[in-house]
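Q: What follows is a protein structure lacking sequence information:
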């Protein structure tokens, strides 16, 4: 156990160094264009400095499970590409959801709105914040591609890894659209399909890019063949779905001091999560009507959130979601036992998987 933790920490240090070095190079590029562009990089650097590095670490241990050299700089570069892709997704997600905070700090669009106010600039401050955040997210996507191409260059598994990386990017965008579409379609959609629609969003918006694709990407870069990649997916996809379900539970029941997000933020944003789907399947007409009337209301206060939490619990939606998390976690751990990797990568993947589904933030 101590061996994998020490190796994991070494990788995270190398990952930080890779990100810092890359962003320092980009600082010179942006400064050469205009000093006025540097707040874009500062916003990306601030956001990218935080987080648990889950995706990058899963990529590393997928690499190691497939026999990759722990000292090869390519895997840290690939991890940095995933971190910047994650930053892009978070920036754009916060714009779409109109979220004020991320990781306990102002979200990127709010950061730029604050810059507009501090400089007493003209025109619309919120519009400037949104436009700047979109561009910062687009920069992250461009930089992610740049780092991935550098990581994959001349590795034996470059072609398979490229296929994984390209699929990941398409799936996240489609999953994000399905999420937005589900919110605006709202109560007009049939109740019977509510849980499955939410699961589809989970799979394509989050589970695949958060867990399945990072593990497969690392394994592919190390030269894993298709059967080995299939074993990676059998472990990582249900784990990713359980991970996102836990995130959805925290979005309603989490402690703001731990999550860095306001209590019940998913309710204010009108998220059509699996929790909501189970209310529509299991709740009474009165409970369903009460939840539907509240979903998407920016005016929900703490008392409203507590009332909706009680409703979600009383109708069995929370219990059903927890049971689904347990079932998916069981599938993932059973598949992990069949992965066939060495003891150190197996211990690391098991620890990361456990933390992903039992976390409080």
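A: That came through, no problem. Everything numeric here is computed off the predicted structure, so don't read it as measured data.
Q: From here on, just use CA atoms for contacts and neighbour counts.
A: Will do.
Q: Could you measure from residue 288 over to residue 262?
A: Residue 288 sits 23 Å away from residue 262, taking CA to CA, to the nearest Å as the criterion.
Q: all strands of the stretch 1-150 of the chain, in order?
A: Counting by DSSP state E, counting those that start in this stretch, the stretch 1-150 of the chain has strands at residues 101-102, 105-106.
Q: So which of these is the most surrounded?
A: strand 101-102 (a mean of 18; mean count of other CA atoms under 10 Å).
Q: elements contacting it?
A: The helices and strands touching strand 101-102, judged by 3 or more CA pairs under 8 Å, 6 or more residues apart in numbering; DSSP states H and E, number zero.
Q: Let the chain start at 271 from now.
A: Sure, I'll start numbering at 271, so the last one becomes strand 371-372.
Q: Can you give the strand pairings for that strand, parallel or anti for each?
A: Applying DSSP bridges to the sheet, strand 371-372 is found paired with strand 375-376 (antiparallel).
Q: Now the element after the helix or strand of the chain with the lowest mean pLDDT, going C-ward?
A: Within the chain, confidence by mean pLDDT, DSSP states H and E is lowest for helix 526-529 among all helices and strands, at a mean of 77. Toward the C-terminus, helix 526-529 is succeeded by helix 535-538 as the next helix or strand (DSSP states H and E).
Q: Name the residues that touch that following helix?
A: 518, 521-522, 564-570, 575 (CA atoms under 8 Å, 6 or more residues apart in numbering).
Q: Now that helix: average pLDDT?
A: Averaging pLDDT along helix 535-538 gives 88.
Q: name the helices or strands packed onto whatever helix or strand comes next after it?
A: Per DSSP H and E, the first helix or strand lying C-terminal to helix 535-538 is helix 544-552. With contacts taken as 3+ CA pairs under 8 Å, 6+ apart, helix 544-552 sits against helix 464-471, helix 496-523, helix 555-564, helix 572-584, helix 587-607.
Q: 7 Å - rerun?
A: Helix 544-552 makes packing contacts with helix 464-471, helix 587-607 when contacts are defined by 3 or more CA pairs under 7 Å, 6 or more residues apart in numbering; DSSP states H and E.
Q: distance between the last one and the chain's centre?
A: Helix 587-607 sits 19 Å away from the centroid of its parent chain (CA atoms, centre = their mean, to the nearest Å).
Q: next one: stretch 491-499
A: Put simply, stretch 491-499 sits 24 Å off its chain's centre (CA atoms, centre = their mean).
Q: Contacts for it next, please.
A: Contact with stretch 491-499 is made by 333, 336-338, 422, 425-428, 431, 486, 489, as judged by CA atoms under 7 Å, 6 or more residues apart in numbering.
Q: For it, buried residues please.
A: Buried residues in stretch 491-499, counted by 16 or more other CA atoms under 10 Å: 491-494, 498-499.
Q: Equivalent analysis for stretch 398-408, please.
A: Buried, per 16+ other CA under 10 Å, within stretch 398-408: 398-404, 406-408.
Q: Return the subset of those residues lying in helices.
A: 398-404, 406-408 (DSSP state H).
Q: quick revisit: which of the strands of the stretch 271-420 of the chain has the lowest average pLDDT?
A: Looking at the strands of the stretch 271-420 of the chain, the bottom one is strand 371-372 with a mean of 86.
Q: re the thing from before, could I get the helices and strands packed on helix 544-552 in TSV, plus columns for mean neighbour count?
A: Shown next, in TSV, are the helices and strands packed on helix 544-552 (neighbours: other CA atoms under 10 Å):
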stretch	mean neighbour count
helix 464-471	20
helix 587-607	18
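Q: closest to residue 325 out of those helices?
A: Judged by CA to CA, the one of these that comes nearest to residue 325 is helix 587-607, at 16.4 Å.
Q: Which strands or helices does the closest one pack on?
A: helix 496-523, helix 544-552.
Q: what's downstream of it, the next helix or strand?
A: Note on helix 587-607: by DSSP H and E, the next helix or strand toward the C-terminus is helix 613-628.
Q: Name the surrounding residues that touch that following helix.
A: Applying CA under 7 Å, 6+ apart, the contact partners of helix 613-628 are 271, 274, 331, 334-335, 509, 512-513, 516.
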